[in-house]
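> below are the sequence and a predicted model; questions follow.
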Amino acid sequence: MIRTIIEDKITWYDITKTDAGDLEFLKSKFDFHPVILDELLHPSARSRVETYDHYLFLVYHLPIYNALEKTARQTEIDFLLTKNVLITVHYEKIEPLALFEKTLKNNIHLYDRILKNTTGHLLYYLLEETVDFSLRQLKHMEEKTKEVGSELFSGKERHLLEKVSYLKRDMLDFRIIVRSQRGLLESLIIAAQFFWGERLKIYFSDLLGDYLKITHLIENLKETVESFETTNAQLLNAKSNLIMQRFTVLAFLTFPLMLLVALFDIDAVSRPIIGNPYDFWIIFGSVVFIILIMIGYFKKKDWL
């Protein structure tokens, strides 16, 4: 489906879920290579910038958080740019594109600024919106990292282990997706100078700088979560060792008592206490006395 969002000095066509009819429209209006047009029918494996005599082709990947899977997934926007036309192609509704379109309609100054410039400026503002969107996507990671830190000494080690595992997977998927953006943005700085002139260099250099904010933030979050994970693992290990220690002490407590009772149960010739009217209470009292002595000793040694 093709929508025309801007139609003036600069034209912006937005295409969702490209079909054969959309390709025919592009073939009839533009001199794009057939191989490039075929690529618009399905997602591409890698991000890249390709420069041709009269147009640019970009494959751009960005992360979008999937609340159901609790991790970031990759989505794609393809860009075709001539001197006065920008075409965006995507395979699903993409929030930053919708937000930018809304901003463009409500902000007459931004609209006029773009129309008085080039498709390179429009591309810059579009990509800037996706970078801002990625920064906002990191907010839920920041919040979850703070939650992990606040619950670290609350005795919920097993619960935190699961939470940290999901958070680390989300960060890993996010980092893999945004990592591909760096090469694309660096290539775009060169391509923009070739296609629109030297004045566009500063725009895409600024875009690369904003992208680096994302990578620095995700690295800081990663280091923080890994530190929390190490501390949580140490707490869980200490708790497990304490439980095993107490079970070992309890096992040691029961062994001599079972031995004492077994000795009185032996069918020997001489059993001094057995047969006494108070034999049960004597044996019971002896067992309790030994238990108390051992518990007192273990507490003194800080084993209990």
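Done, it's in.

> quick one: what helix or strand has the closest residue in space to residue 37 that isn't next to it in sequence in it?
Counting by C-beta to C-beta, 6 or more residues apart in numbering, residue 23 is the residue found nearest to residue 37 once chain neighbours are left out, at 5.3 Å. All C-beta spots, glycine's among them, are computed from the backbone N, C-alpha and C. If you go by DSSP states H and E, residue 23 is part of helix 20-29.

> next up, the contacts around the residue nearest to residue 37.
Residue 23 is in contact with 37-38, 40-41, counting by C-beta atoms under 8 Å, 6 or more residues apart in numbering.

> list the helices and strands the longest helix that the chain contains packs on?
In the chain, taking DSSP state H as the definition, the longest helix is helix 201-264. When contacts are defined as 3 or more C-beta pairs under 8 Å, 6 or more residues apart in numbering; DSSP states H and E, helix 201-264 sits against helix 119-137, helix 139-150, helix 157-196, helix 279-300.

> list the buried residues in the third one.
What it means is helix 157-196. Under the neighbour-count criterion of 16 or more other C-beta atoms under 10 Å, helix 157-196 has 157, 160, 163-164, 167, 170-171, 173-175, 177-178, 180-181, 184-185, 187-189, 191-192, 195-196 buried.

> before we move on, the earlier item: average pLDDT across the helix or strand that comes right after the helix holding residue 23?
Counting by DSSP H and E, the next helix or strand C-terminal to helix 20-29 is helix 34-39. Throughout helix 34-39, pLDDT has a mean value of 90.

> re the thing from before, may I have the helix holding residue 23 as CSV, with CA atoms only?
Taking C-alpha atoms only, helix 20-29 is exported to CSV below (Å, rounded to 0.1, in the frame of the first residue of the first chain):
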residue,chain,number,x,y,z
ALA,A,20,3.4,-6.4,-7.3
GLY,A,21,1.3,-3.3,-7.9
ASP,A,22,3.6,-1.1,-5.8
LEU,A,23,6.6,-2.4,-7.8
GLU,A,24,4.8,-1.5,-11.0
PHE,A,25,4.2,2.0,-9.7
LEU,A,26,7.9,2.4,-8.8
LYS,A,27,9.0,1.0,-12.2
SER,A,28,6.8,3.4,-14.1
LYS,A,29,7.9,6.5,-12.2
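
> now it, how far from the centre of its chain.
Averaged C-alpha coordinates place helix 20-29 at 38 Å from its chain's average position (C-alpha atoms, centre = their mean, to the nearest Å).

> for that helix, what is the average pLDDT?
Mean pLDDT, helix 20-29: 90.

> mind starting the numbering at 99 from now?
Sure, I'll start numbering at 99, so the last one becomes helix 118-127.

> for residue 192, see how far away the residue nearest to residue 135 is.
In this view, residue 121 and residue 192 are 20 Å apart by C-beta to C-beta, to the nearest Å.

> pLDDT weak spots in the stretch 299-402 of the chain?
Scanning the stretch 299-402 of the chain with the threshold set as pLDDT under 70 gives 340-341, 343-344, 347-351, 353-355, 357-378, 380-381, 396, 399-402.

> if you set the cut-off to 80 instead, what comes out?
Confidence mapping of the stretch 299-402 of the chain against pLDDT under 80 gives the ranges 334-402.

> thought residue 198 was touching residue 221?
No - using C-beta atoms under 8 Å, residue 198 is not in contact with residue 221; the gap is 11.2 Å.

> more neighbours: which of these two?
Shown here are residue 198 and residue 221; by other C-beta atoms under 10 Å, residue 221 has more neighbours (26 against 23).

> how many other residues sit next to the residue lying closest to residue 301 once chain neighbours are set aside?
Nearest non-adjacent residue to residue 301, counting by C-beta to C-beta, 6+ apart: residue 222, 4.4 Å away. For residue 222, the neighbour count with other C-beta under 10 Å is 21.

> same question for residue 189.
17.

> so it is in contact with residue 175, correct?
No - with contact defined as C-beta under 8 Å, residue 189 does not reach residue 175; the gap is 9.2 Å.

> mind listing what residue 275 touches?
Residue 275 touches 159-161, 170, 172, counting by C-beta under 8 Å, 6+ apart.

> this completes my enquiry, with thanks.
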